[in-house]
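Undergrad: what follows is a predicted structure for the sequence shown.
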Amino acid sequence: EEYFKPESVCIEENTSPSSFKIEHLSLCLSNKYSHDTFLESDKPIDIAYEELDSFRAAELLSLATESVGRDDRAERTALALATFTKMDLSRYLRNILSGWMPNGCNSELSHDATIFRNASDEIASDIIKLIHETSERFEQMELETRQIAEITKVSGVTRPFTHSKSLIPLEQLVETLVKSLAWTGNSLAIRKFKEWKLNRAKWMNMLMHDILVLPQFAGWELDKENKQRKLYWDECYPIIANKTNDSNSMIFNRSNAKCPWCERRLFNLFELYTSDDRLKHLPSVNGRLIVPLCLSCVQGSFFISKIDSCQDWLPCELVQRPENKQGWGIDFSNDLSVAAFRINDRQRNPLSGCKASLPINHSQIGGLPSSEILPHFPVCISCEERMKAIGQVSVVGREKPVGTFFGFVCEECMVVASTLDTSKY
């Protein structure tokens, strides 16, 4: 029953929706069932991989391992196995690590760090060794660059130092390796991040993100006591187009309140009731969890509110997102209509919606948020702890793509946040 054809699909265009008024929102579902992996199926990629038996999954893993660097489908197959199944990928990972050399690696062997999810201590140890070797190589290259600069200054002859075009820059390689270590999520990785927290090395300055932020790509962080803290719930259910809503919980429900900043009508991105067995693990006030949003102010910012004991909420703050994106200034009509959504009964892998590049329905309650928003989990304005992800909803207009809405909550303070990301489009 879940294989129905969606009314609306995501249209891949370079046209910015900022010049269009959005008058209707519906769920962004992909009907691209050809997922370009070694698995041939007429089902959506997540369903096809979830239904694999252990024998067929092992066959696909062997084929991907043998085809690394020779067939683009190898990486996509490994990523699908990592995202939609609990398959042990150790054999594939060892093959990948053998191609990651301290002086850089072939661009064909640059892999998504997600494939290292839940890897063994042995794999984590190999990653740590590579990080050390690569960072030492980086420091050596810096020294060589300074020496060349001195020679140039004395002789007047310019001798620029460049990477080989076939190699990935060291800073990119090191960041990928650190992300890969974070994705293993095991005790060895946690100890290493604790060590890096206490002893910061010079090579960490070359990373695009702070080294303690990188675990957020894998959905966790070190808390104030240096213990691993997960930033999402494993209980994960897709959000689908509504046929019959058998729950009181609502997605994108119009509110009677107005935004205190722009005075536009507000929506509740999520209005969830923990009396529903699928949602009983979520924090709530008197059994209810509300995540308000303003369609105008939420673009490029976190719309932060606090829920009180009377189940009412108070808009507290607009916090600009760290990447300083202001959104596209999408003009949502005051008479905006929203298609009906509901939470599916079928639980899925919590990593299913985390890869924006995979052709699936990314809308869900629970699970790791899409890579569009990572690593930017909002910080609670009361306790300054990072909030946990509640869910996400990817939407389109009648013809134009819009983006993905995200909801977050601080369990202790019942502070909630919502935001809209348009970077996928």
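TA: That came through, no problem.

Undergrad: what's near enough to touch the residue nearest in space to the middle of the chain?
TA: What sits nearest the mean C-alpha location of the chain, by C-alpha atoms, centre = their mean, is Ser371, with 2.6 Å. Residues in contact with Ser371 (C-beta atoms under 8 Å, 6 or more residues apart in numbering) are 217, 354-357. In this view, the C-beta of every residue, glycine as well, is placed from N, C-alpha and C.

Undergrad: make it 6 Å
TA: Applying C-beta atoms under 6 Å, 6 or more residues apart in numbering to Ser371 gives the contacts 355-356.

Undergrad: could you look up the SS state of it?
TA: coil (DSSP: H, G, I helix; E, B strand; the rest coil).

Undergrad: tell me the pLDDT of it.
TA: On pLDDT, Ser371 comes in at 74.

Undergrad: now the closest residue to Glu411 other than its chain neighbours, what are its backbone angles?
TA: What sits nearest to Glu411 in space, not counting adjacent residues and going by C-beta to C-beta, 6 or more residues apart in numbering, is Pro283, at 4.4 Å. For Pro283, the backbone dihedrals are phi -70, psi 150 (criterion: degrees, to the nearest 10).

Undergrad: any low-confidence regions in the stretch 151-300 of the chain?
TA: Flagging of the stretch 151-300 of the chain using pLDDT under 70 yields the residue ranges 151-168, 243-247.

Undergrad: what's the neighbour count on the nearest residue to Asp331 once chain neighbours are set aside?
TA: Take Asp331 and drop its neighbours on the chain: the residue closest to it by C-beta to C-beta, 6+ apart is Lys21, 4.7 Å away. Using other C-beta atoms under 10 Å, Lys21 has 12 neighbouring residues.

Undergrad: cool, Arg56 as well?
TA: By the criterion of other C-beta under 10 Å, Arg56 has 12 neighbours.

Undergrad: helix or strand: which one has it?
TA: Taking DSSP states H and E as the definition, Arg56 sits inside helix 54-66.

Undergrad: can you pull the buried residues of that helix?
TA: Buried residues in helix 54-66, counting neighbours by 16 or more other C-beta atoms under 10 Å, are found at 57, 60-61, 63-65.

Undergrad: next one: stretch 408-422
TA: Judged by neighbour count (16+ other C-beta under 10 Å), stretch 408-422 contains these buried residues: 408-410, 413-422.

Undergrad: repeat that for stretch 332-344.
TA: With burial defined by 16+ other C-beta under 10 Å, the residues of stretch 332-344 counted as buried are 332, 336, 338-339, 341-344.

Undergrad: those: which two are farthest apart?
TA: Phe332 and Asn344 (26.2 Å; C-beta to C-beta).

Undergrad: what's the neighbour count on Asn199?
TA: 8.

Undergrad: all strands for the stretch 301-425 of the chain, in order.
TA: For the stretch 301-425 of the chain, the strands defined by DSSP state E, counting those that start in this stretch occupy 301-307, 313-320, 331-338, 341-343, 364-365, 388-396, 401-410, 415-421.

Undergrad: now for the fourth one, which elements pack on it?
TA: For strand 341-343, the packing partners by 3 or more C-beta pairs under 6 Å, 6 or more residues apart in numbering; DSSP states H and E come out as strand 237-241.

Undergrad: gap between the strand it packs on and the chain center?
TA: Distance of strand 237-241 from its chain centroid, counting by C-alpha atoms, centre = their mean, to the nearest Å, is 18 Å.

Undergrad: ditto for stretch 75-84
TA: With C-alpha atoms, centre = their mean, you get 15 Å for stretch 75-84.

Undergrad: ok, residues contacting it?
TA: If you take C-beta under 6 Å, 6+ apart as the criterion, stretch 75-84 is touched by 36-38, 46, 49-50, 60, 64, 87, 92, 111-112, 114-115, 117, 349, 351, 355.

Undergrad: tell me the secondary structure for the closest residue to Cys297 other than its chain neighbours?
TA: In space, and not counting its chain neighbours, Cys297 is closest to Trp261: 5.3 Å by C-beta to C-beta, 6+ apart. State at Trp261, reduced to three classes by three-state DSSP: coil.

Undergrad: Ile123 too?
TA: helix.

Undergrad: which phi and psi values does the residue lying closest to it once chain neighbours are set aside adopt?
TA: In this structure, Ile123 finds its nearest non-sequential neighbour in Leu93, 5.3 Å apart by C-beta to C-beta, 6+ apart. Per-residue torsions, Leu93: phi -70, psi -40 (degrees, to the nearest 10).
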